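Peer 1: turn this into a model:
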Amino acid sequence: SSTMQLTSLFENPNGRLENGQLFTSSGGTQGVDLHPYTSYTRREQLDVNSPGDDEVYLVGHGLTLARDWDGVPVLGNFTSKAIVGYRRIDFQNTDDRDGSRYQVFFNTEDATKDQTTLDANLVGSTWNDSISYVLGYYFFTEDGHSTIAQQIRLDPQYNAVDLAPGFTRDMGLIQTIFPEIDNTSHAVYGHLGYKLPVLEERVKLEAGLRYTYEDRWFANRQVTTIPVGSGTSVTGLPVGNTTTFPYTSDSTTFDDLSPMGRVSFQATQDLLTYFSISRGFRAGGFNGRASNTSAFQPYDSETLLSYE
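Peer 2: Purely as a prediction, here's the structure:
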């Protein structure tokens, strides 16, 4: 593919475009030298020949409702709370991706995302504050879409070099993908603490449990555009728009039960010692840039076991 051939432009350890790539050295005419722009190590500086711009428009709203309760049978004293949030993000980005003084790889992105969250919980204590607890429910939903265009083009101004066979000076390629997401997460959780009636109740045992369920949906398609006047030998595609990956969608679900435990000792008013163990969870999902069947597969969730 054209992308693979253009990738070799940056993988050449000599930092030069050589025969069989985009430019050739023939008849004493030197190819375009990208050194020191190509490197296998992290670059400390780079050049750009196109304007770069990031614009983020963020709108957020939040609402918190809380009430204190005293002397409730069994539950004792507690606070009930509901926190609702909404956020909308509009993001536009343009940048020069090749990091050289030549116009080769240019990227634009336009994305919109809406997110809504709810956290409702009870936080309290009972039995003369020897038992503390948290009970809650969490909800999260988001949907969004993006238009991501990657333009690979050789500017016609490079008249001083010879092109490799099959290439034209105005060769161009624009690949545009249109990813969409729709994700929902639910969780219920609880946390219980108990002060042992020894050592002036300075020893505390705690245990927690959280169940998470997530539903993830993803869709994408890709359109490849060959501008008028561009060479077509790289891709074999005609001039104009061609759907190179049709609209495809898929969904999957993830769930997990995450426990935790902790024992602590309040040695002094200013010194707390403890040992804890907990299980962490992050749901899987889809490759947001997937534009072929092999890449359009869900990846697994992640878990970890933490000791502290």
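Peer 1: please enumerate the helices of the stretch 1-150 of the chain.
Peer 2: For the stretch 1-150 of the chain, the helices defined by DSSP state H, counting those that start in this stretch occupy 2-11.
Peer 1: ugh, typo on my part, it should be the stretch 151-300 of the chain
Peer 2: Assigned by DSSP H, counting those that start in this stretch, the stretch 151-300 of the chain shows no helices.
Peer 1: so which residues of it form strands?
Peer 2: Per DSSP state E, counting those that start in this stretch, the stretch 151-300 of the chain carries strands over the ranges 162-163, 172-177, 180-195, 203-226, 240-268, 271-282, 285-286, 298-299.
Peer 1: list the helices and strands the fourth one packs on?
Peer 2: Packing contacts for strand 203-226, counted by 3 or more CB pairs under 8 Å, 6 or more residues apart in numbering; DSSP states H and E, involve strand 172-177, strand 180-195, strand 240-268, strand 271-282, strand 285-286. C-beta here means a position set from N, CA and C on the backbone, and glycine is covered the same way.
Peer 1: export those strands as CSV, with columns for distance to Asn292 and mean neighbour count.
Peer 2: Formatted as CSV, the helices and strands packed on strand 203-226 follow (distance: least, CB to CB, whole Å; neighbours: other CB atoms under 10 Å):
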stretch, distance to Asn292, mean neighbour count
strand 172-177, 11, 20
strand 180-195, 17, 17
strand 240-268, 6, 14
strand 271-282, 25, 13
strand 285-286, 13, 20
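Peer 1: need those in TSV (columns: distance to Phe91).
Peer 2: Below are those laid out as TSV (distance: least, CB to CB, whole Å):
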stretch	distance to Phe91
strand 172-177	15
strand 180-195	14
strand 240-268	22
strand 271-282	23
strand 285-286	19
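Peer 1: which one of those strands lies closest to Ile148?
Peer 2: For these, the distance to Ile148 is smallest for strand 172-177, at 5.1 Å, taking CB to CB.
Peer 1: dump the closest one to PDB, keeping only the CA atoms.
Peer 2: What follows is strand 172-177, C-alpha atoms only, in PDB (Å, rounded to 0.1, in the frame of the first residue of the first chain):
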ATOM      1  CA  GLY A 172      -1.400  12.600  -3.500                       C
ATOM      2  CA  LEU A 173      -3.400  10.400  -1.200                       C
ATOM      3  CA  ILE A 174      -6.000  11.300   1.500                       C
ATOM      4  CA  GLN A 175      -7.300   8.600   3.800                       C
ATOM      5  CA  THR A 176     -10.300   9.600   6.000                       C
ATOM      6  CA  ILE A 177     -11.800   7.500   8.700                       C
END
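Peer 1: any idea of the angle it forms with strand 240-268?
Peer 2: Interaxial angle, strand 172-177 versus strand 240-268 (axes from the mean of the first three to the mean of the last three CA atoms, to 10 degrees): 50 degrees.
Peer 1: run the angle between strand 172-177 and strand 203-226 for me.
Peer 2: Using the same axes, to 10 degrees: strand 172-177 against strand 203-226 is 140 degrees.
Peer 1: strand 172-177: partners in the sheet, and parallel or antiparallel?
Peer 2: Neighbouring strands of strand 172-177 in its sheet, by DSSP bridges, are strand 131-153 (antiparallel), strand 203-226 (antiparallel).
Peer 1: which one of the strands of the stretch 151-300 of the chain has the poorest average confidence?
Peer 2: Mean pLDDT values for the strands of the stretch 151-300 of the chain show the minimum at strand 162-163, a mean of 44.
Peer 1: OK, contacts around Gly208?
Peer 2: Neighbouring residues of Gly208 by CB atoms under 8 Å, 6 or more residues apart in numbering: Val134, Tyr189, Gly190, His191, Leu192, Pro259, Met260, Gly261, Ser278.
Peer 1: likewise Leu75?
Peer 2: Counted by CB under 8 Å, 6+ apart, Leu75 has contacts Trp69, Leu122, Gly124, Thr126.
Peer 1: show me the beta-bridge partners of the third one.
Peer 2: If I follow you right, that is Gly124. According to DSSP bridges, beta-bridge pairing links Gly124 with Phe78, Tyr133.
Peer 1: and for the first one?
Peer 2: Applying DSSP bridges to Trp69 yields these beta-bridge partners: Phe78.
Peer 1: that one is in contact with Ser125, isn't it?
Peer 2: No: checked against CB atoms under 8 Å, the pair Trp69 and Ser125 is beyond contact range at 11.5 Å.
Peer 1: what residues are shared contacts of the two?
Peer 2: Joint contacts of Trp69 and Ser125 (CB under 8 Å, 6+ apart) are Asn77, Phe78.
Peer 1: quick revisit: any chance of the contacts of Gly208 in TSV with distance to Ser251 as columns?
Peer 2: Conversion of these to TSV gives the following (distance: CB to CB, whole Å):
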residue	distance to Ser251
Val134	32
Tyr189	25
Gly190	29
His191	32
Leu192	35
Pro259	28
Met260	30
Gly261	34
Ser278	29
